[in-house]
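Student: Following is a predicted model, sequence given first.
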Amino acid sequence: MKKILNIIALGVAMFVGVNTASAQGINNVKINEILVVNQNNYVDDYGNHESWIELMNTGYENVNIGGCYLGVVLKDGQEIKYFIPASDNRMKLSPQTYVVFFCEGTDTKGALHTNFTLDNAEKVIFYNANGKDVIDEMVITAEALTPDVSYGRYTNAEGDITIGVLSSTTPNASNENTITTPRHEVFRQRDKSGIVMTLTAMSVVFFALILIFLVLKAFTFLMNNDFSKKKKQAATAGAPAAAEKKASAENDEVVAAIATALDLYRQDLHDREDMVITIQNVGRRYSPWSSKIHGLTALPNKK
Amino acid sequence: MFDFLFSGGFGSFIVENLQQFWSFTGIHNATSGHLIMIAVGLIFLYLGIAKKFEPMLLVPIGFGILIGNIPFSPGMQIGIYENGSVLNYLYFGVVQGVYPPLIFLGIGAMTDFSALLSNPKLMTIGAAAQFGIFGAYIAALALGFTAAEAGAIGIIGGADGPTAIFLASKLAPDLMGAIAVSAYSYMALVPVIQPPIMKLLTTEKERTIRMRPPRAVTQREKILFPIIGLLLTCFLVPSGLPLLGMLFFGNLLKESGVTKRLANTASNQLMDIVTILLGVTVGASTQATTFLTPKSIMIFGLGAASFIVATTAGVCFVKFLNLFLKEGNKINPLIGNAGVSAVPDAARISQEVGLHYDRSNYLLMHAMGPNVAGVIGSAVAAGLLLGFLG
């Protein structure tokens, strides 16, 4: 019975684990870039200029966004959701890849065309499979309404991910297309001499090691305290028992000594022997000239 | 008589072939840079074999330098920097920072943290010695290196080869050969660099301070240490996870008492394999064309400075600590040098210098405390540099 319960528990744990892993994967999908007014920009597979939304799998595992929802909240508060078809292979996103949805308000042009438009949209939302939990959302500001100018996530000069107007549209590609100053250079510009780095890093190194020191000290104290309690208990309640234990240990030693003495006596062993055993090296030099085997005539091989 | 040989271009074909062969030979392609680097490799081998300075490192690196500096005609897929060559595949482990964490696994499985656990305040000495890293960082910035390069150069002061390689591979891959060779060279030269500084900074009386014998550490403490150490350091500096994670994991394998086979493999066979691969490929990466640059010379200078600063900081910090410690609890400043993580060489130096002034004052076990704390400290520092500059 216990075994069966264990197996069930393991199964449940695995199920929960798998689901959690999957949930973690979907949480890495972000609304990466949107283009609200598309006049002369990216064209869809029908050759039309439509508004578009780009989703990115920012994580490092494959994610299937099929079954999730992409939606908009309009300025009048109305909410429209588009069910992302689960069977379409294009919805399986490899790590660090993208998918672009065209927002033209029709659901007859395939999985990449949503049933809503971005006209009058206030917010774009990406929901998980239950259509309620928000995974990511992006508010459409006035800046995003400039024709052929996209709006999305990018890394700013401080190295933080931020949302704003992008220098150029980059559907199905990284938004980091501008030449950005490397992080270490940004750091250097703010700490030219290296003093800030030294002070910060040394403080952290000291803090980390002192923290280990304190925690170890606390553990040692707790363990010793526990140990002393036990000792106290033993000293108060178990004094006769300890004496008995000591006596028993002494007895054990006596018994061991007697047994060893008897064993030595029986084997007639002494500390000092009256003879000396040495090894004499007997040299038997081998030479093929003196070998008998070479003097014999080999028998013909009859086959 | 031999006219038939040259009829129909046969002879000229042979001559052409021989000329082509000549153009492939190392003799034809040799430059003065190659010869200089081969001489450096031979010096490494001499130091490793004849002088027994860190032979486990200097022999593979020295021989690697010879391998890397055999002149050849490019395009034959034999050089370490040529895609598809065997050496290039082996070098992958260095470039991607695979080998250093594996070395740390072995170090963890070999290290006994008892000395540290019995006297945890020695941990702070391991932290103080990390000033060497940041001293070199400041100096490298002043010399015009980028912040990432300065961070990678600074870590030489941690006196930890795998950490230096790991960080250099992430922050300044083009300087990795020079940084690695510099780090290992100075680690091997610890017996030469540290004693004069230790003697200079201490008085006769301080050198003969006797420290309390370390207390016995329970098995439970030894098991808890890697778990607590991992959680505390990595929650604080997650970027140090590859090194610290493997270090503490290796130590848990050793101390748990139930995974002896794994601990044995990590500390023997695996460690040996990775040391061989790391040493040879790092050595081979010092091709004259990429290694013999003014930057490399500056890196060597900064490496020496960082070792001096680290040793000075360690010794001075112990003297500073002694101001607050009662008589009988004082620490011998000769163990301050061991805060750099050259395990166990730095601790051995403490022992030797200590014995020189008092024949019965054994400092080895005391020095092992800051020595292993230095390993943790330098890995934390590397994680920080990676976090800020990576």
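Tutor: Cool, the structure landed. Residues are numbered from 1 along each chain as shown, chains lettered A, B, ... in the order given.

Student: what residues does the stretch 251-390 of chain B put near chain A?
Tutor: B:373, B:376, B:377, B:380, B:381, B:384, B:385, B:388, B:389, B:390 (Cβ under 8 Å from any Cβ of the partner chain). (C-beta placed from N, C-alpha, C; glycine too.)

Student: Return the subset of these lying in helices.
Tutor: B:373, B:376, B:377, B:380, B:381, B:384, B:385, B:388, B:389 (DSSP state H).

Student: can the residues you listed go into JSON lines with extra columns for pLDDT?
Tutor: Putting those into JSON lines (pLDDT from 0 to 100) gives the following:
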{"residue": "B:373", "pLDDT": "90"}
{"residue": "B:376", "pLDDT": "90"}
{"residue": "B:377", "pLDDT": "91"}
{"residue": "B:380", "pLDDT": "91"}
{"residue": "B:381", "pLDDT": "92"}
{"residue": "B:384", "pLDDT": "91"}
{"residue": "B:385", "pLDDT": "92"}
{"residue": "B:388", "pLDDT": "89"}
{"residue": "B:389", "pLDDT": "88"}
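
Student: Beyond the least confident helix or strand in chain B by mean pLDDT, next helix or strand please.
Tutor: Of all helical and strand segments in chain B, the minimum by mean pLDDT, DSSP states H and E falls on helix B:3-6, at a mean of 58. Sequence order places helix B:10-24 as the next helix or strand after helix B:3-6, per DSSP states H and E.

Student: Now that next one - C-alpha only, PDB.
Tutor: Extracted in PDB, the C-alpha atoms of helix B:10-24 (Å, rounded to 0.1, in the frame of the first residue of the first chain):
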ATOM      1  CA  PHE B  10      58.400  15.100 -64.700                       C
ATOM      2  CA  GLY B  11      61.500  16.500 -63.000                       C
ATOM      3  CA  SER B  12      60.000  20.000 -62.700                       C
ATOM      4  CA  PHE B  13      56.900  18.300 -61.100                       C
ATOM      5  CA  ILE B  14      59.200  16.800 -58.500                       C
ATOM      6  CA  VAL B  15      61.000  20.100 -57.900                       C
ATOM      7  CA  GLU B  16      57.600  21.800 -57.600                       C
ATOM      8  CA  ASN B  17      56.500  19.300 -55.100                       C
ATOM      9  CA  LEU B  18      59.600  19.600 -53.000                       C
ATOM     10  CA  GLN B  19      59.200  23.400 -53.100                       C
ATOM     11  CA  GLN B  20      55.600  23.000 -52.000                       C
ATOM     12  CA  PHE B  21      56.700  20.600 -49.200                       C
ATOM     13  CA  TRP B  22      59.400  23.100 -48.100                       C
ATOM     14  CA  SER B  23      56.700  25.900 -47.900                       C
ATOM     15  CA  PHE B  24      54.800  23.600 -45.500                       C
END
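
Student: same for that helix, what does it pack against?
Tutor: helix B:3-6 (3 or more Cβ pairs under 8 Å, 6 or more residues apart in numbering or on different chains; DSSP states H and E).

Student: ok so, going back, kindly indicate the member of the ones in helices among the residues of the stretch 251-390 of chain B next to chain A with the most neighbours.
Tutor: With neighbours set by other Cβ atoms under 10 Å in any protein chain shown, the maximum within those is found at residue B:381, which has 34 neighbours.

Student: how much space between the most centrally placed residue in chain B and chain A?
Tutor: Nearest to the geometric centre of chain B sits residue B:161, at 1.6 Å (Cα atoms, centre = their mean). Look at residue B:161 and chain A: by Cβ to the nearest Cβ, to the nearest Å, they are 19 Å apart.

Student: same check, this time on residue B:61
Tutor: Relative to chain A, and taking Cβ to the nearest Cβ, residue B:61 is found at 28 Å.

Student: hang on, isn't that residue packed against residue B:284?
Tutor: No: in this structure, residue B:61 is not within contact of residue B:284 by Cβ atoms under 8 Å, at 9.1 Å.

Student: what is in contact with the two at once?
Tutor: Taking Cβ atoms under 8 Å, 6 or more residues apart in numbering or on different chains as the contact criterion, residue B:61 and residue B:284 have no common neighbours.

Student: quick revisit: quick one, what contacts the residue nearest to the centre of chain B?
Tutor: B:57, B:103, B:180, B:183, B:184, B:187.

Student: Chain neighbours aside, what residue packs nearest to the third one?
Tutor: What sits nearest to residue B:180 in space, not counting adjacent residues and going by Cβ to Cβ, 6 or more residues apart in numbering or on different chains, is residue B:282, at 4.4 Å.

Student: Could you tell me whether the one you found really is in a helix?
Tutor: Yes: Residue B:282 forms part of a helix when assessed by DSSP: H, G, I helix; E, B strand; the rest coil.

Student: Correct me if wrong: it contacts residue B:64.
Tutor: Yes: counting by Cβ under 8 Å, residue B:282 does reach residue B:64; the two are 6.3 Å apart.

Student: which residues does residue A:207 contact?
Tutor: residue B:236.

Student: now it: how far from residue A:184?
Tutor: 23 Å (Cβ to Cβ, to the nearest Å).

Student: and if you look at residue A:222?
Tutor: Here residue A:222 is placed at a distance of 43 Å from residue A:184 (Cβ to Cβ).

Student: More neighbours: those two, which one.
Tutor: Between residue A:222 and residue A:184, counted using other Cβ under 10 Å, residue A:184 has the larger neighbour count: 21 against 10.

Student: residue contacts, the more buried one?
Tutor: Contacts for residue A:184 (Cβ under 8 Å, 6+ apart) come out as B:146, B:147, B:148, B:151, B:171, B:388, B:389, B:390.
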